[in-house]
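Asker: sequence plus the predicted model coming up.
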Amino acid sequence: MDTKYIFVTGGVVSSLGKGIISASIGRLLQARGYKVTIQKFDPYINIDPGTLNPYEHGECYVTVDGMETDLDLGHYERFTGIHTTRNNSITTGRIYKTVIDRERRGDYLGKTIQVVPHITDEIKRRMLREEEKDEQLDFVITEVGGTIGDIESAPFMEAIRQLRWQLGRNAVSVHLTYVPYLKAADELKTKPTQHSVKELQGMGIQPDILVLRTERHLDDHIRMKVASFCNVDLECVVQSEDMPSIYEVPVSMQHQGLDAAILRKIGIPVGETPAMKPWHDFLDKQRNAQREVHIGLVGKYDLQDAYKSIRESLNLAGIYNGAKVRLHFVNSEAITRENVAEKLDGLAGIVICPGFGTRGIEGKIVAAEYTRTHDIPTFGICLGMQMMVIEFARNVLGYKDANSREMDEQTPHNVIDIMEEQKSITQMGGTMRLGAYECKLLEGSRAYEAYNHSQFSTIQQFNSSTISERHRHRYEFNNAYTDEYEAKGMKCTGINPAANLVEIVEIPEKRWYIGTQFHPEYSSTVLHPNPFFMSFVKACL
Ligand code: GLN
């Protein structure tokens, strides 16, 4: 079958959950046996979100091939289990860079380079995934960031208009809008949706399917009104109500026939509705999770999206352990030796979060000391692991001035040091140690146990002692200190064989005190929770 293209756009307001809808469509089509991929086009000028502050853009999600991308790619992977790559995350900046590089090489042979057709052609080429023709995909789902009417998304809309014309029935347009509820009038309002669709039509795109985001149930009368004002079939108007969990969304979409509507538009026989047994099993576990476990996130970003994948990984691991994880953000900037006991009071375990720069690191170190000396399960990720290592140097090895070179260039005890290949790098964007690298696990260690006794084997595991996880860092454990650490009880239990770089440290005599240089949160999916998170939450319980 020819590849089919689904374009997902949003109107009225941002944060409607386009990423979740795109991921849900992907999951539903997969359940029907189709091979899918999902890609995101973001209209900003940055080449990638790697250099963006989490306050601007939330978490930066890292693909196996080392691209720093939008957090929606995390939803795509968690929902579908596919591995996205650098070709699944495109920005205006990357489009322009490609075109301008080509112009500098002289490839355009003296032509004037313009938004139409040169920029739009490059967008189309990427939307069609022309460089990946051998993927043999049945469906490519393309989500466009931003909201209809934004000046900066106009070239993307023009590209979609042209593609729909070019591809005919092989292209479907899904548009998400918002139906607000006005309390004083006790009414749901469809006018913003009508305006949004008009705006889309004005750009030459007639949506095939409308997904109406709403906090109240929409009755048939409202759906009918939207259908008739927007030239869309009634069965193609579905609603996305608030759900107790985002993982209920695919099922809700299936009930309303969203996937069937897409297939009908394309002209593919709809056939039976897939049972999605593993997904329903997961949802049953989620609904039945009885126990509660309180876990602290020790970091400097007080916003939900900054640690998105960590939060989701903990929630998923909780569900598979029969528990609801209650997350508590503990601002590391506010942690001191005096108040740490109070700040961490009632928490069954803590995650010391990743990050960059000095802000909040002393609080992370104090927290690491407190949980180590009180034997509270502790999971340090990337910078979190580095802070565990520094804490151990200061308080156990006796190097009071131990630090990371990132924080103190002059430190005489650089237990965390800059990686050799990073020393000559001056450009910030996309130059860290990024993406998946192998890690060899020490037999008998807790890390080894976690990966080998998990009933949810991960797709990343090569054999019982070699795993592969994703990275995003410039600094590393300084191997000059390995013997001292090991002699005093902190063991290096995971090593990258190629670089001899320490990937995991743990204190075996503690209940669960482990730091990973890699980010295991990027590989957790709904059907395959990451073994490290499984093991950590179990210890917290
Ligand atoms: N700032 C640290 C480094 O570059 C850790 C990075 C992170 O936590 N992702 O090594």
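Answerer: In hand now; what should we look at?
Asker: which parts of the stretch 251-400 of the chain sit against the ligand?
Answerer: Contacts of the stretch 251-400 of the chain with the ligand, taken as C-beta under 6 Å from any ligand atom, map to Pro354, Gly355, Phe356, Cys382, Leu383. In short, each C-beta sits where N, CA and C put it, glycine included.
Asker: from Thr92, how far out is the fourth one?
Answerer: Distance of Cys382 to Thr92, given as C-beta to C-beta, to the nearest Å: 29 Å.
Asker: quick one on the thing from earlier: how about the residues of the stretch 251-400 of the chain next to the ligand in TSV, adding neighbour count, secondary structure and distance to Ser445?
Answerer: Shown next, in TSV, are these (neighbours: other C-beta atoms under 10 Å; DSSP: H, G, I helix; E, B strand; the rest coil; distance: C-beta to C-beta, whole Å):
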residue	neighbour count	secondary structure	distance to Ser445
Pro354	23	coil	22
Gly355	23	coil	26
Phe356	17	coil	28
Cys382	23	coil	19
Leu383	28	helix	22
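Asker: redo those as CSV? Include distance to Gln194.
Answerer: Putting these into CSV (distance: C-beta to C-beta, whole Å) gives the following:
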residue, distance to Gln194
Pro354, 44
Gly355, 44
Phe356, 45
Cys382, 47
Leu383, 48
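Asker: alongside the ligand, which residues does this structure contribute?
Answerer: Residues of the chain lying near the ligand (C-beta under 6 Å from any ligand atom): Pro354, Gly355, Phe356, Cys382, Leu383, Glu406, Arg472, His473, Arg474, Tyr475.
Asker: list of residues touching the lowest-mean-pLDDT helix or strand in the chain?
Answerer: When the helices and strands of the chain are scored by mean pLDDT, DSSP states H and E, helix 54-57 comes last with a mean of 82. Contacts of helix 54-57 with the rest of the structure, by C-beta atoms under 8 Å, 6 or more residues apart in numbering, involve Pro49, Cys60, Asp70, Leu71, Tyr301, Leu303, Asp305, Ala306.
Asker: tell me which two in the residues you listed are the farthest apart.
Answerer: Across these, the longest distance by C-beta to C-beta is 16.6 Å; it joins Asp70 and Tyr301.
Asker: the two: which has the busier surroundings?
Answerer: Of the pair Asp70 and Tyr301, Asp70 is the one with more neighbours under other C-beta atoms under 10 Å, namely 27 against 21.
Asker: and the gap between the more buried one and the ligand?
Answerer: Plainly put, Asp70 is 17 Å away from the ligand if you go by C-beta to the nearest ligand atom, to the nearest Å.
Asker: circling back: farthest pair within the residues of the stretch 251-400 of the chain next to the ligand?
Answerer: It's Phe356 and Cys382 that sit farthest apart of those, by C-beta to C-beta, at 9.5 Å.
Asker: before we move on, which element is Ser240 in?
Answerer: strand 237-241 (DSSP states H and E).
Asker: surely Glu122 and Val99 touch.
Answerer: Yes. The pair Glu122 / Val99 is scored as a contact, 5.3 Å apart, by C-beta atoms under 8 Å.
Asker: which residues does the most centrally placed residue in the chain contact?
Answerer: Residue closest to the average C-alpha location in the chain (C-alpha atoms, centre = their mean): Gly74, at 2.4 Å. For Gly74, the contact set (C-beta under 8 Å, 6+ apart) comprises Glu59, Tyr61, Lys308, Ser309, Glu312, Tyr522.
Asker: helices along the stretch 101-250 of the chain, start to end?
Answerer: Taking DSSP state H, counting those that start in this stretch as the criterion, the stretch 101-250 of the chain contains helices spanning 120-127, 154-167, 191-202, 220-230, 249-255.
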